[in-house]
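>>> no sequence on this one, just coordinates:
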Ligand SMILES: NC(=O)c1ccc[n+]([C@@H]2O[C@H](COP(=O)([O-])OP(=O)(O)OC[C@H]3O[C@@H](n4cnc5c(N)ncnc54)[C@H](O)[C@@H]3O)[C@@H](O)[C@H]2O)c1
């Protein structure tokens, strides 16, 4: 029996990186998985691989900044799988541009994807989760949502917003049996930070800040997300799961 048997999960940003890996892991643990992203082709191809390995999955188009897109994705999920019990708000974009150099447009874009996207996904999933008897919402924040950093500004603001929005969701929907928790990864080896760690100096610079002495991997985060999606975490809501090799313990 899988750890996510009878769960139906939407994972945003599942075309690649952490979201794609979590989709495959969730399906292996028995969930029916909707891989949702602006990159529909990659989601469909990832879903075909999951189905080929005996899992249940489908790829769908989703632009997390668009209310219409969320409504369509959730409607199609219900039509296909008849319920919705897990939402992983994972889609995100990153920028290290310092505050003085960042443009107003860039700030708006980062907020739209990383923070408004989480709001919209939560808002439109809640009625279906309530109807399904409850659910688990997992919002992927960052260590940049906990502490400051030399690079960026808008990114940290968006991830800090996700941290607190998660707690409001947890409080307002505990009585619906809907849980909401945030996950705070440190640097994880995906395309998102490829520029930072592509040179030996860049990689060494990142590693020098990490007590455990290595960059995180997608399965480091996925195991935490799996736990939060499963009933094993049924007494956890409004909490922060930090997966950062010890960075924020310093
Ligand atoms: N990689 C890291 O070091 C790191 C650290 C902390 C937090 N995170 C967070 O983890 C999450 C996953 O990032 P990743 O490392 O897998 O990065 P990634 O760049 O590999 O994947 C991000 C995915 O989000 C999708 N996406 C972007 N805009 C979208 C939109 N408007 N609608 C739908 N999908 C959209 C992209 O197409 C892509 O598939 C993000 O929220 C990121 O901020 C990453």
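Perfect, I can see it now. This one's a predicted model, so the numbers in the text were calculated from it and none came from an experiment. Numbers count the residues shown, from 1 in each chain.

>>> quick one: contacts of stretch 195-202?
96, 187, 189, 203, 206, 215 (C-beta atoms under 8 Å, 6 or more residues apart in numbering). The C-beta positions use only the backbone N, C-alpha and C, and glycine is treated the same way.

>>> Quick check on the residues you listed: which are buried?
187, 189, 203, 206, 215 (16 or more other C-beta atoms under 10 Å).

>>> just checking, which of those belong to strands?
Of those, none are assigned to strands by DSSP state E.

>>> same for the ligand: which of the contacts of stretch 195-202 are within range?
Of the residues in the contacts of stretch 195-202, proximity to the ligand by C-beta under 6 Å from any ligand atom holds for residue 187.

>>> among the contacts of stretch 195-202, which are in helices?
Cross-referencing the contacts of stretch 195-202 against helices under DSSP state H gives 203, 206.

>>> pLDDT for the contacts of stretch 195-202 - can I get that in JSON lines?
What follows is these, written out as JSON lines (pLDDT from 0 to 100):
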{"residue": "96", "pLDDT": "92"}
{"residue": "187", "pLDDT": "97"}
{"residue": "189", "pLDDT": "96"}
{"residue": "203", "pLDDT": "92"}
{"residue": "206", "pLDDT": "90"}
{"residue": "215", "pLDDT": "97"}
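
>>> Tell me the one among the contacts of stretch 195-202 nearest to the ligand.
Each of the contacts of stretch 195-202 was checked against the ligand using C-beta to the nearest ligand atom; the closest is residue 187, at 4.4 Å.

>>> For the closest one, list the residues it contacts.
193, 196, 197, 206, 210, 215, 216.

>>> How many residues are close by residue 198?
Neighbour count of residue 198, defined by other C-beta atoms under 10 Å: 10.

>>> and the gap between it and residue 205?
To residue 205, residue 198 is 12 Å away according to C-beta to C-beta, to the nearest Å.

>>> same question, residue 241
Applying C-beta to C-beta to residue 241 and residue 205 gives a distance of 26 Å.

>>> between the two, which one's more packed in?
Counted by other C-beta under 10 Å, residue 241 and residue 205 do not tie: residue 241 has more neighbours, with 18 against 12.

>>> so that one touches residue 224, yeah?
Yes: Residue 241 is in contact with residue 224 according to C-beta atoms under 8 Å; the separation is 5.0 Å.

>>> coming back round to it: among the contacts of residue 187, which one has the most neighbours?
residue 216 (21 neighbours).

>>> Show me what it is bridged to.
Counting by DSSP bridges, residue 216 forms beta bridges with residue 188.

>>> just the contacts of residue 187 now: which is nearest residue 230?
Lowest distance from residue 230 to the contacts of residue 187 (C-beta to C-beta) belongs to residue 216, with 20.8 Å.
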